[in-house]
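S.K.: can't give you the sequence, but here's the structure:
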């Protein structure tokens, strides 16, 4: 006899029919053969494939079991997309190290590579394992110009608490404005260069940004713990979203003719949800920022601060949480961004640039100003001594468009007129976001 497998709409199950006339019950066969048939059916049912599903949460290593001298490994990328294993040893556990009830596992990285590079900007989020179980993410570093690669690990239990954070809604998708601190006060309260545990710097990768623009606006991003550097962009690939722990992701701030992205390492992937960084990116809470796949071009070793040089590819999801112990995102479609068009008219030519900018009360003013300045100084027709006339439109959902009109004449100062244009645009956006009535939704910007 033969058994024919028939389709069944029940997951993980299958139906079988015999070749005998009338089916199994309609045939006559010796009792031993009938028992053999039933045994075969049972084996086939048990062996039938179940539908694939997302992997369960990875097994974790409790902080209470972490002791000095414990050996482990950390996974990260130094070049390309190849995740490498680095040995490490636990020095100890620092309780309340970065805040009340926020403990840190202090570890020493081992091996020739880390002896040359130390703890590298971009390593944030690199998963740490003890006995094959996930213990947390490398997220902090200790001191500058240290002779050893000493790092701090955010415990996985603290990172997983981010899953309980509220998601962004239409009412809070745009972060509320922050009160700007005087520069002198910020300098006094900074940790400085002492022997503190501080978050590993996050590479801020730019493509299409002129060095002059980076010099003007780099300090604005540095105040958020970003290390600005030149990078690149990569062509999107269907495999970009196939992430594993140790891979890198980009958080895109500007896309288009100019791109600005920050980069972190993935700690864990469960289904379509990822945890990364092990420390806050900006600390904005519930956010909506595009996630992209990041590729490591090389790791630049430096006695002061080693860093990963990265490029970013196509959008693979949305960053939804930016909290104290980690960032969290969802793989899939990216969030809505603000279209920004910058047109520079001169007697010789017209230059047009198109960008997409994230919507954030804290970052959008600086990002728009950076894009505008970069567009102006990038034109061969632009030079000091020219008078600049600005005409612009900011379209707001549910409100009359904001019209921008101003004239900027050259001065004897060393500051270029283009910078005054950029700061004027920044000021206009800051006024829009700081209104006391509602969080605005910007639909389009044309300068």
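M.R.: That came through fine. Worth saying up front: this structure is predicted, and the values here are computed from it rather than measured.

S.K.: Give me the pLDDT value at residue 161.
M.R.: Looking at residue 161, its pLDDT reads 91.

S.K.: Skip the chain neighbours and tell me the closest residue to it.
M.R.: Leaving aside its chain neighbours, residue 161 sits nearest to residue 325 (6.7 Å; criterion: Cβ to Cβ, 6 or more residues apart in numbering). Yep, even glycine has a C-beta here, placed from its N, CA and C like the rest.

S.K.: Can you pull the phi/psi pair for the one you found?
M.R.: phi -110, psi 0 (degrees, to the nearest 10).

S.K.: where in this protein is pLDDT low?
M.R.: 1-57, 145, 167-196, 225, 227, 230, 381, 383-384 (pLDDT under 70).

S.K.: circling back: hang on, isn't the residue nearest to residue 161 packed against residue 276?
M.R.: No - assessed by Cβ atoms under 8 Å, residue 325 is found out of contact with residue 276, at 11.2 Å.

S.K.: quick one: which of the two has more around it?
M.R.: Legend: neighbour count by other Cβ atoms under 10 Å for residue 325 and residue 276, higher for residue 276 (32 against 24).

S.K.: Can you tell me the closest non-neighbouring residue to residue 333?
M.R.: residue 318 (7.1 Å).

S.K.: same deal with residue 165?
M.R.: Closest to residue 165 by Cβ to Cβ, 6+ apart is residue 321, at 5.2 Å.

S.K.: residues touching that neighbour, list them.
M.R.: 162, 165, 167, 285, 286, 287, 327, 328, 329 (Cβ atoms under 8 Å, 6 or more residues apart in numbering).

S.K.: Please identify which helix or strand holds it.
M.R.: If you go by DSSP states H and E, residue 321 is part of strand 307-322.

S.K.: Helices of the stretch 201-350 of the chain, residue ranges please.
M.R.: Secondary structure of the stretch 201-350 of the chain (DSSP state H, counting those that start in this stretch): helices at 211-222.

S.K.: Pull up the distance across stretch 139-156, start to finish.
M.R.: When the termini of stretch 139-156 are compared using Cα to Cα, to the nearest Å, they are 11 Å apart.

S.K.: before we move on, back to that, for the residue nearest to residue 333, give me its contacts.
M.R.: Taking Cβ under 8 Å, 6+ apart, one finds 288, 289, 290, 291, 329, 330, 332, 333, 334, 335 in contact with residue 318.

S.K.: what's the neighbour count on the closest residue in space to residue 81 that isn't next to it in sequence?
M.R.: In space, and not counting its chain neighbours, residue 81 is closest to residue 295: 5.9 Å by Cβ to Cβ, 6+ apart. Residue 295 has 25 neighbours, counted by other Cβ under 10 Å.

S.K.: same question, residue 306
M.R.: 20.

S.K.: Could I get the contacting residues of it?
M.R.: 117, 118, 119, 120, 121, 299, 300.

S.K.: ditto for residue 266
M.R.: Neighbours of residue 266 in contact, by Cβ under 8 Å, 6+ apart: 125, 127, 243, 244, 245, 246, 247, 248, 249, 274, 275, 276.

S.K.: on that earlier part again, now go through the contacts of residue 306 and say which are in strands.
M.R.: Under the assignment DSSP state E, these contribute 299, 300 to strands.

S.K.: so which of the contacts of residue 306 is the most crowded?
M.R.: Going by other Cβ under 10 Å, residue 120 tops these with 31 neighbours.

S.K.: Just give the nearest non-adjacent residue to that one, would you?
M.R.: residue 306 (4.5 Å).

S.K.: swap in residue 213?
M.R.: That would be residue 374: by Cβ to Cβ, 6+ apart, it lies 4.4 Å from residue 213.

S.K.: residue contacts, the one you found?
M.R.: 208, 209, 210, 213, 258.

S.K.: Verify the stated contact: residue 389 with residue 409.
M.R.: No - distance between residue 389 and residue 409: 9.9 Å, which falls outside the contact criterion (Cβ under 8 Å).

S.K.: how distant is the helix or strand that contains residue 115 from the center of its chain?
M.R.: According to DSSP H and E, residue 115 maps onto helix 112-117. Remark: helix 112-117 is offset 25 Å from the chain centroid, using Cα atoms, centre = their mean, to the nearest Å.

S.K.: what residues does it touch?
M.R.: 78, 84, 86, 149, 299, 301, 306.

S.K.: which element follows it toward the C-terminus?
M.R.: In N-to-C order, the element after helix 112-117 by DSSP H and E is strand 126-130.

S.K.: In TSV: the contacts of residue 321, plus neighbour count.
M.R.: Converted to TSV, the contacts of residue 321 look like this (neighbours: other Cβ atoms under 10 Å):
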residue	neighbour count
162	17
165	15
167	12
285	16
286	16
287	28
327	32
328	22
329	25
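
S.K.: which of those residues lies closest to residue 65?
M.R.: residue 162 (22.4 Å; Cβ to Cβ).

S.K.: just checking, that closest one is part of a strand?
M.R.: No - checked against DSSP: H, G, I helix; E, B strand; the rest coil, residue 162 lies outside a strand; its state is helix.

S.K.: and it, what does it touch?
M.R.: 275, 321, 323, 325, 326, 327, 328.

S.K.: Could you look up the SS state of residue 438?
M.R.: coil.

S.K.: Counting neighbours, what do you get for it?
M.R.: Residue 438 has 10 nearby residues by other Cβ under 10 Å.

S.K.: Check the spacing between it and residue 400 real quick.
M.R.: 14 Å (Cβ to Cβ, to the nearest Å).

S.K.: so what's the residue positioned nearest the centre of the chain up against?
M.R.: The geometric centre of the chain, computed from its C-alpha atoms, lies nearest to residue 251 (Cα atoms, centre = their mean), at 3.7 Å. Residue 251 makes contact with 261, 262, 263, 264, 281, 289, 290, 291, 292, 319, 327 under the criterion Cβ under 8 Å, 6+ apart.

S.K.: which residues does the closest residue in space to it that isn't next to it in sequence form a beta bridge with?
M.R.: Among residues not flanking residue 251 along the chain, residue 262 sits closest, at 4.8 Å (Cβ to Cβ, 6+ apart). According to DSSP bridges, the partner residues bridging residue 262 are residue 204, residue 251.

S.K.: Surely residue 262 touches residue 206?
M.R.: No - shown here, residue 262 and residue 206 do not form a contact pair, counting by Cβ under 8 Å, at 10.3 Å.

S.K.: Have a look at the two and say which one is more surrounded.
M.R.: Legend: neighbour count by other Cβ under 10 Å for residue 262 and residue 206, higher for residue 262 (31 against 25).

S.K.: Between the contacts of residue 306, which sits nearest residue 67?
M.R.: residue 119 (22.1 Å).

S.K.: What about residue 390, how many residues nearby?
M.R.: Residue 390 has 16 neighbouring residues, counting by other Cβ under 10 Å.

S.K.: How is it classified with respect to secondary structure?
M.R.: Residue 390 is classified as strand under three-state DSSP.

S.K.: Residue 258 versus that one, what's the distance?
M.R.: 19 Å.
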